[in-house]
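Trainee: need coordinates for the below:
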Amino acid sequence: MNKAIEIAFFLITLPFYTQNNMEHYTYDQEILDENNLRHGTLVATSYLFEGLAYKHVYQHGLLLQTTDFRYQVNHQKELIGNFKNNLPYEGYFVFENEFEIPEISYYEKGEIHTIYRTTLSDILEIELTGKMPVWVACSFKEGVLFDGLCHEQFKLDDGHLLVTEFFKNGERTHVSFWLLAMHYAETIRLNFLTNGYEIIKERIEAEDIDPEIDTREQRLKIVFNEQGSGNLSFEKEKEVIAQYEFKEYELSRKISAIPSIVNYVLNASQTIRCFQKYNFKSVTSNSEKDFYNPSLMNSIYSNLLYNRIPKFSTTEKNEYTTLFQEQQDLESGLLLFLNQEGKPEHGLLLEQENEVYQYSKFKEGTKTEHKEQLTLKNLKQLFFQEEQ
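Mentor: Numbers count the residues shown, from 1 in each chain. Coordinates of the predicted model:
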């Protein structure tokens, strides 16, 4: 993992052509004309690629041609691109996208014909194993990705989340996530199922690894039914260590009095919805190792336990950051714990009768606060952080 992190930070310093700034190029040695403009053939070498990385031909400041020796597509040993009026016109052009991953564009007569993309995992493999990346030809329909892959980046508290979505025939098939922070990098994968999805952390095969790191293959599987309910199971090395059922319903239906965890969400239609997890089963002989190890998958499991379980679409835009959000605070969060008798033990109990609301707060089975005859506006101001 440390080696991968070193390479990731090295790769982001590599120069590529950017569509908005050709001055981003750097060379082993500048060659300038009498007007201090680039002129002639300029080259750049790279220890990562063990030799010449690219060469560019300038004429008094105008870039005429680029030749890239690092990557290959369509059996082209050299990716040659010709410029016209200082803009890409014909051939192959390697540039760095906004997520600092190289991308290849093939132009014909000044128009982009094909875009080739790869993954961060493949780029890291160059240094780790010497294996060259696999380039995926991307196709579009009416400006929307139809086949191929695309990247999106999100800011998290102490780092970044890089999301790579894979498409076939206009639908997402799977997604890879890279969590990147200073001295930390980790990847997991999400596969779409017919009626849900599964999140997978591959087994770690490495020597001299920290014994605190859980190296087992891990899998979270979420299955929905037509009524909005479903079940979640958590596996490690194909052994189910925990599972539970969940259901979603309007607060007006009243909370089911069963041993469970409930959290509340104010939806877009301005109604309060309940998400109740129940029928918990743990089938493991080593629960401390399974749940108290500070791993990414354990964190996602906890997030889903104390928050709404998101649905993800194969055709619509998804908000994947919900998988990595912080757990609800047990004191101030919108959570309720019901004990073995189905009675409130800890947290917030919201109740609705027609358009009238009330709430109660509990701690260790004792009611500590109660207010009634409230409106939805009152609840929004108290608990849903409505902007004033």
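Trainee: what's the span of stretch 360-372, first residue to last?
Mentor: Start-to-end span of stretch 360-372 (C-alpha to C-alpha, to the nearest Å) is 9 Å.
Trainee: list the buried ones in that stretch?
Mentor: Neighbour-count burial for stretch 360-372, counted by 16 or more other C-beta atoms under 10 Å, picks out S360, K361, F362. The C-beta positions use only the backbone N, C-alpha and C, and glycine is treated the same way.
Trainee: next one: stretch 169-181
Mentor: With burial defined by 16+ other C-beta under 10 Å, the residues of stretch 169-181 counted as buried are R172, H174, V175, S176, F177, W178, L179, L180.
Trainee: cool, and stretch 222-232?
Mentor: I222, F224, G230, N231, L232.
Trainee: any idea what the third one is bridged to?
Mentor: In other words, G230. For G230, the beta-bridge partners are F224, F246 (DSSP bridges).
Trainee: still on that earlier bit, so which of the buried residues of stretch 360-372 is the closest to H370?
Mentor: Distance to H370 across those (C-beta to C-beta) is lowest for S360, with 4.6 Å.
Trainee: please name the residues that touch the closest one.
Mentor: Residues counted as contacts of S360 (C-beta atoms under 8 Å, 6 or more residues apart in numbering) are P344, L348, L349, E351, K367, E369, H370.
Trainee: closest to Y25 out of those residues?
Mentor: If you rank the contacts of S360 by distance to Y25 using C-beta to C-beta, L348 comes first, at 57.7 Å.
Trainee: can you tell me what sits against the helix or strand where that closest one lies?
Mentor: If you go by DSSP states H and E, L348 is part of strand 344-353. Contacts with strand 344-353, where a contact means C-beta under 8 Å, 6+ apart, come from 251-252, 254-255, 262, 264, 272, 330, 333-339, 357-365, 367, 379, 383.
Trainee: dump the buried residues of stretch 360-372 to a markdown table, plus secondary structure.
Mentor: Shown next, in a markdown table, are the buried residues of stretch 360-372 (DSSP: H, G, I helix; E, B strand; the rest coil):
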| residue | secondary structure |
| --- | --- |
| S360 | strand |
| K361 | strand |
| F362 | strand |
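Trainee: before we move on, the earlier item: now for the buried residues of stretch 222-232: which two are most distant?
Mentor: Distance extremes for the buried residues of stretch 222-232: the farthest pair is F224 and L232 at 10.1 Å, using C-beta to C-beta.
Trainee: show me what the nearest residue to G347 once chain neighbours are set aside is bridged to.
Mentor: Leaving aside its sequence neighbours, G347 sits nearest to L336 (C-beta to C-beta, 6 or more residues apart in numbering; 4.1 Å). The partner list for L336 in beta bridges (DSSP bridges) reads V262, G347.
Trainee: on that earlier part again, wait, which of the contacts of S360 is closest to R117?
Mentor: Of the contacts of S360, the one sitting nearest to R117 (C-beta to C-beta) turns out to be L348, at 45.8 Å.
Trainee: can you count the residues close to the closest one?
Mentor: Residues near L348, counting by other C-beta atoms under 10 Å, number 22.
Trainee: gap between it and E319?
Mentor: Using C-beta to C-beta, to the nearest Å, L348 is found at 24 Å from E319.
Trainee: next, count neighbours for G148.
Mentor: G148 has 18 neighbouring residues, counting by other C-beta under 10 Å.
Trainee: C-alpha coordinates for stretch 94-106, CSV please?
Mentor: Extracted in CSV, the C-alpha atoms of stretch 94-106 (Å, rounded to 0.1, in the frame of the first residue of the first chain):
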residue,chain,number,x,y,z
VAL,A,94,-2.3,12.3,-24.5
PHE,A,95,-3.5,14.7,-21.8
GLU,A,96,-4.3,14.6,-18.1
ASN,A,97,-7.9,14.9,-17.1
GLU,A,98,-9.1,16.9,-14.1
PHE,A,99,-8.6,13.8,-11.9
GLU,A,100,-4.9,13.6,-12.8
ILE,A,101,-5.4,10.4,-14.8
PRO,A,102,-4.0,10.2,-18.3
GLU,A,103,-6.5,10.1,-21.2
ILE,A,104,-6.0,9.8,-24.9
SER,A,105,-8.1,11.6,-27.5
TYR,A,106,-8.1,10.7,-31.2
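Trainee: just the mean pLDDT for that stretch, thanks.
Mentor: Computed over stretch 94-106, the mean pLDDT rounds to 87.
Trainee: what do you get for stretch 258-271?
Mentor: Averaging pLDDT along stretch 258-271 yields 92.
Trainee: one more: stretch 218-228?
Mentor: Mean pLDDT, stretch 218-228: 91.
Trainee: and it, C-alpha only, in PDB?
Mentor: The C-alpha trace of stretch 218-228 is given here as PDB (Å, rounded to 0.1, in the frame of the first residue of the first chain):
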ATOM      1  CA  GLN A 218     -15.100  -8.600   2.500                       C
ATOM      2  CA  ARG A 219     -18.500  -8.200   0.900                       C
ATOM      3  CA  LEU A 220     -21.600  -6.100   1.800                       C
ATOM      4  CA  LYS A 221     -24.700  -7.100   0.000                       C
ATOM      5  CA  ILE A 222     -27.900  -5.000  -0.100                       C
ATOM      6  CA  VAL A 223     -31.100  -6.400  -1.600                       C
ATOM      7  CA  PHE A 224     -34.300  -4.400  -2.000                       C
ATOM      8  CA  ASN A 225     -37.900  -5.600  -2.600                       C
ATOM      9  CA  GLU A 226     -40.700  -3.700  -4.300                       C
ATOM     10  CA  GLN A 227     -42.100  -2.300  -1.000                       C
ATOM     11  CA  GLY A 228     -38.800  -0.400  -0.200                       C
END
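Trainee: give me the distance from that stretch to the chain's centre.
Mentor: Offset of stretch 218-228 from its chain centre (C-alpha atoms, centre = their mean, to the nearest Å): 19 Å.
Trainee: stretch 227-247 now?
Mentor: With C-alpha atoms, centre = their mean as the basis, stretch 227-247 stands 21 Å off its chain's centre.
Trainee: neighbouring contacts of it?
Mentor: With contact meaning C-beta under 8 Å, 6+ apart, stretch 227-247 is reached by 196, 203, 214, 216-224, 248-249, 256, 275-284, 287, 290-291, 297, 301, 304-305, 309.
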